[in-house]
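Trainee: Structure, please.
(2 chains)
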Amino acid sequence: MIRLNSATKTYSGASHPALDGVSIEISRGEFVFLVGASGSGKSSLLRVLLREESIDSGAVFVLGESLTQLPQRQIPGYRRKLGVVFQDFRLLPNKSVFHNVAYALQVIGRSKAFIDTSVPEVLRLVGLEDKASSFPNALSGGEQQRVAIARALVNKPELLLADEPTGNLDPDNSREVMSVLEKVNLAGTTVVMATHDRGIVDQMQKRVIEIRHGRVVRDAETASYKELPTGPINKRSGVDS
Amino acid sequence: MRIEFILKETWEGIRGNLSMVTSIILVTFVSLTFVSIAALLQIQIGNLKSYWYDKAQVVIYLCNSYSSEVECPTGAITENEQIAVASQLKSDALNPYIDQYFFESQDEAFVRLVEENPNLSAAQFLTAEQLNAAYWVNLQDPEKASLVVEAFAEQPGVAEVQDQRAYFDPIIDLLNGATVAAGSVAAVMLFSAALLTTTTIRLSAFSRRIELGIMRLVGASSLAIQLPFVLEGLVAALIGGVLAILVTNFLVETFLTQNLALELAFSNLVTTFDLYSIAPYVLAVGAILAVLASGISTYRHIRI
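Mentor: Residues are numbered from 1 along each chain as shown, chains lettered A, B, ... in the order given. Down below sits the predicted model:
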């Protein structure tokens, strides 16, 4: 599903690489947390997976595509196979919940019939079927993030990338969002989620990849945040590279 | 990609950015009005030339006994000199350029003078001998008048060779000057319109950055992302162009057709039909400029 081989990325003008020889492999159907301090490189990693950034050296394969060799004009087609959610929801305030989700399908030219069946379906999945005509500012933060998740999922992606999806939410709302993500994952979608939230990582008991200074320093199956050893372990990435 | 979605996005862009779009419309409107005026002035020059140049003749005035020393050092034209002038008009060198010519004697010139100026009080003091006999020459191509002028200017017995087209030179110069003035204003205004369009597209993209971000991340094609912005510039320019045509139409109708044409009894002024014939080109100028400006701005400011 996802494989990085010694992926290295240095932003122009930066003294240290944002990603420094990162090698990871994530299989279909996994739920993976990317943890690390701000500026550790986890957002850069997500941006590389989204093909918002390209790497300087190494290789990145996602969903069977080699992102280093993907021509510019095929990027939109590639992104249609992914779903993304962000900390700040990025909803359109002047559109209803239904139309916020429908927008993602409209812009890629889906038919009205397709939209009219897919959108209610995905709203049901995130538990917002009765809020379809509400506007974002009438919703709680957790509900807004669930709308964003619905929008990311409506085109039925195989991979969902989430960048601090609970970063702006209180614990109750965070729990709400995490249960939706878990449900999505159980339905077969691979989920990669960058987070700071120790509580969530501890509670979910999923695979954790920790990044520090652009390097993978830990990669542990079903780990919790606090159980992680302090020394640099590079268990899985060592196998892949 | 669905055309109705693209059009809806274009409309949203225009609505959300109405004051900037209005400013593009106005600047394009003024600039294209000047483009139209410049084009109509050139058509008017063409009309004048084709109307008057066909009627204009080259006149070869022959010396008479009153001619000045400078023009006619040997006095009135002799019979031999006049035969030489006539045979040169028939010569192979000039004949191909000449449509027709006729000779006007001093007596005929006097009769015409009196006929054309019935109230001329000086007529009673004039005699036919004071006037010049002349050859009136119509040319196949009025632009070749200089050939005839050169051929006869130094001919003995010829007082003066006059190209009547020269009468129209001042008015044509005036119209050409006006064309340059209108064209210069048009160029400056078109340049401002282009700059304004690039700025507007940039602002429009900024005000719709969430939409753009979503479009990119869900994999909208670059056409679906960029086309609404290009269309926004194009729609504004076309509205400005249509306004320019309407206002120029009003100006032509009011000041020329309903006014000057009646006073001058001169049927050769530009009309609204001339305007309609240039309208597609005027709109095309606006459209091409808008697409280029908004296209470049879109390319530079909107990431795919």
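Trainee: What are the neighbouring residues in contact with residue 67?
Mentor: Using chain A. For residue A:67, the residues meeting the contact criterion (CB atoms under 8 Å, 6 or more residues apart in numbering or on different chains) are A:48, A:49, A:51, A:54, A:55, A:60, A:61, A:78. (Glycine included, C-beta is placed from N, CA and C.)
Trainee: other chain: chain B
Mentor: Residues near residue B:67 by CB under 8 Å, 6+ apart: B:75, B:76, B:132, B:159.
Trainee: Point to the residue nearest the middle of chain A.
Mentor: For chain A, the residue sitting closest to the mean C-alpha position, by CA atoms, centre = their mean, is residue A:161 at 1.4 Å.
Trainee: got the contact list for it?
Mentor: By CB under 8 Å, 6+ apart, the residues touching residue A:161 are A:46, A:49, A:50, A:82, A:83, A:84, A:85, A:192, A:193.
Trainee: now, among the residues you listed, which is nearest to chain B?
Mentor: Within those, proximity to chain B (CB to the nearest CB) peaks at residue A:84, which comes in at 5.0 Å.
Trainee: just checking, the closest one is part of a helix?
Mentor: No. With DSSP: H, G, I helix; E, B strand; the rest coil as the criterion, residue A:84 is assigned strand and is not in a helix.
Trainee: picking that back up, of the contacts of residue A:161, which are in range of chain B?
Mentor: With respect to chain B, and counting by CB under 8 Å from any CB of the partner chain, the subset of those in contact is A:50, A:82, A:84.
Trainee: Kindly confirm whether my reading is correct that the first one touches residue B:216.
Mentor: No. Contact criterion CB atoms under 8 Å: residue A:50 and residue B:216 do not qualify, at 9.1 Å.
Trainee: Now the common contact residues for the two.
Mentor: With contacts taken as CB under 8 Å, 6+ apart, the residues that reach both residue A:50 and residue B:216 are residue A:79.
Trainee: Which parts of chain B are strands?
Mentor: For chain B, the strands defined by DSSP state E occupy B:58-62, B:98-104, B:134-139, B:158-163.
Trainee: The second one versus strand B:134-139: what angle between them?
Mentor: Note on geometry: by axes from the mean of the first three to the mean of the last three CA atoms, to 10 degrees, strand B:98-104 and strand B:134-139 are set 170 degrees apart in direction.
Trainee: Which residues are in contact with residue B:34?
Mentor: For residue B:34, the contacting residues are B:182, B:183, B:185, B:186, B:189, by CB under 8 Å, 6+ apart.
Trainee: ranking these by neighbours, who comes first?
Mentor: Neighbours here are counted as other CB atoms under 10 Å in any protein chain shown. On that basis the top member of those is residue B:186, with 24 neighbours.
Trainee: What sits closest to that one if chain neighbours are left out?
Mentor: By the measure of CB to CB, 6 or more residues apart in numbering or on different chains, the closest residue to residue B:186 outside its immediate chain neighbours is residue B:34, 3.7 Å from it.
Trainee: Check for me that residue A:24 belongs to a helix.
Mentor: No. Judged by three-state DSSP, residue A:24 forms no part of a helix; its state is strand.
Trainee: distance of it from residue A:34?
Mentor: Counting by CB to CB, to the nearest Å, the separation of residue A:24 from residue A:34 is 9 Å.
Trainee: shared neighbours, those two?
Mentor: Contact criterion CB under 8 Å, 6+ apart; residues shared by residue A:24 and residue A:34: residue A:209.
Trainee: What's opposite residue B:161 in the beta bridge?
Mentor: Assessed by DSSP bridges, residue B:161 has beta-bridge partners residue B:60.
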